[in-house]
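Colleague: heads up, no residue letters with this:
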C-alpha cells in the first residue's frame, strides 16, 4: 500500500471541481476491481474484504490490543462536559492513523453499545470513479479485521431492495479503495466481537440531493429495524466518519498563514466552533445545511471552503439519524461534543509495528472532531435487552 495515504487522499481540496468536457471527450476509465485489490495492504479473499491501509491502522490482533491499551495514556482529548452514557444513537468519529488519533477513537467508540452499526463514510477517491449523487454499498459477506471476521448486517440487502435504483451503487472496487470506514470498524470489532456493520460511502452531492437520499434511506432503515423490534441506540447506531480541518500548503488551506502556533490555535478554534455550533444540540435540516455551506461551496460542492473530508458524510449521516428517529417515532437526536484533538495535539501512541501515512507539524496538521448523538434531552432508556445479530440471522 502506498505511503502518505492520508496526504494524497486529502489533497482533493487542491483539485478543481468536476471537469468541464466537450461532447465526445473520453474520460479515463475508473480503476478496475483487480487493480484496486492489488493495491490493498491485505488482499480480499473471495467474499471477505481485505484491508486497504496496513501502515496507519492495526493489521494484527497484537497491534490492535496495543493500540487500544496505549490510547488510554494521557494526555486525554479535549472534552466539553460530561460524556453521555454508552448506548448513543450516533457518533462523528475520525479515521486518521491510530498513532495520531487513537486517543479520540478510544474516547468515542465505547459510547457505542449497539450491535449493528451503520457506518457512513467519506469516499476520498470519488472523482477517480466518477461517483456522485448516490450511496455506495459493497457486496462482501464480511470484512477482515485484526480480531477476525466482521459480519455485514443483513439490513444491507433489505435497504438495497427498498431504495430506488438511482439512489445506490453496489461496487466492491469503490468500497475496497476507501480507508475511512475500516479505520473505525476495527475499534468496534475489538470492543465487541459480536458487532456487525452496514458500510455506506457518500460521494459528492448537493445538499438537496443528500437530503433526498436521507429522506428515503431513513425510513427504509427504520422499516427493517421495526420488523425486528429494534431501536436506535440500544440495537442500531449510526457512526459517521470524518476528520476535521486539514491545514497546510499541501492541503491548499492556509487562511491564517503558512503555519505556526497562531495558525494552529485559530484553525482549532474555528473547528471547535463547528462542534459547538451546527454539530451540537438538536439535529435539524438547517444545522446540517449550515455545516455543509461552511465547508463547501453549495453551488459547486466539489469546492472546499474548509477541507473537512466528511463534507458529504456528515450531512448525510445527521439527516439519516433524524429521518430514522422520526420514522421510528423516537425522540429527535441531539449532538453532544465529546472529544477534540489534532495530529500535533498529543504524543504519538507507542504501538510497535504501526506507522504514519503523513507528517504532522505546525505547518501540516489535521483535527479530530468527536460528537455523540443521543435521543432527546437525554439518551432514551433501553426498553429491553439488545437483540443479537445471531438472533436476527435465525429470523431470515
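Modeller: Arrived safely, thanks for sending. As the structure is a prediction and not an experimental result, all values here were calculated from the model.

Colleague: In three-state terms, label residue 120 for me.
Modeller: Recorded secondary structure, residue 120: strand (DSSP: H, G, I helix; E, B strand; the rest coil).

Colleague: How many residues are close by it?
Modeller: The number of residues packed near residue 120 is 32, by other Cβ atoms under 10 Å. To be clear about C-beta, it is placed using only N, CA and C from the backbone, and glycine gets the same treatment.

Colleague: for this structure, what are the low-confidence residue spans?
Modeller: Where the chain drops to pLDDT under 70, the residues are 1-27, 377-396.

Colleague: and the residue nearest the centre of it, what is it in contact with?
Modeller: Most central residue of the chain, judged by C-alpha distance to the mean C-alpha position with Cα atoms, centre = their mean, is residue 241 at 1.3 Å. Contacts were defined as Cβ atoms under 8 Å, 6 or more residues apart in numbering; by that measure residue 241 touches 93-95, 119-122, 180-181, 183-184, 310, 313.

Colleague: That one pairs with what?
Modeller: Taking DSSP bridges, one obtains residue 93 as the residues bridged to residue 241.

Colleague: Distance of it relative to residue 265?
Modeller: Computed with Cβ to Cβ, to the nearest Å, the distance linking residue 241 and residue 265 is 26 Å.

Colleague: before we move on, what about residue 315?
Modeller: Applying Cβ to Cβ, the value for residue 315 to residue 265 is 27 Å.

Colleague: Count residues in the vicinity of the nearest residue to residue 75 once chain neighbours are set aside, would you?
Modeller: Computed as Cβ to Cβ, 6 or more residues apart in numbering, the closest residue to residue 75 that is not its neighbour in sequence is residue 346, at 6.0 Å. When neighbours are defined as other Cβ under 10 Å, residue 346 has 22 of them.

Colleague: wait, what's in contact with residue 96?
Modeller: Under the criterion of Cβ under 8 Å, 6+ apart, the neighbours of residue 96 are 6, 56, 183, 243, 343, 366, 368.

Colleague: Show only the entries of those found in strands.
Modeller: In strands, defined here by DSSP state E, the members of the contacts of residue 96 are 366, 368.

Colleague: Using TSV, please lay out the contacts of residue 96 together with distance to residue 280 and neighbour count.
Modeller: Rendered in TSV, the data for these read as follows (distance: Cβ to Cβ, whole Å; neighbours: other Cβ atoms under 10 Å):
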residue	distance to residue 280	neighbour count
6	26	27
56	29	24
183	23	26
243	18	28
343	23	26
366	21	28
368	16	31
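
Colleague: re earlier: any figure for the gap between the residue nearest to the centre of the chain and residue 92?
Modeller: Remark: distance between residue 241 and residue 92 (Cβ to Cβ) = 8 Å.

Colleague: list residues touching both of the two?
Modeller: Applying Cβ under 8 Å, 6+ apart, one finds that residue 241 and residue 92 are jointly contacted by residue 310.

Colleague: Perfect, I'm done here.
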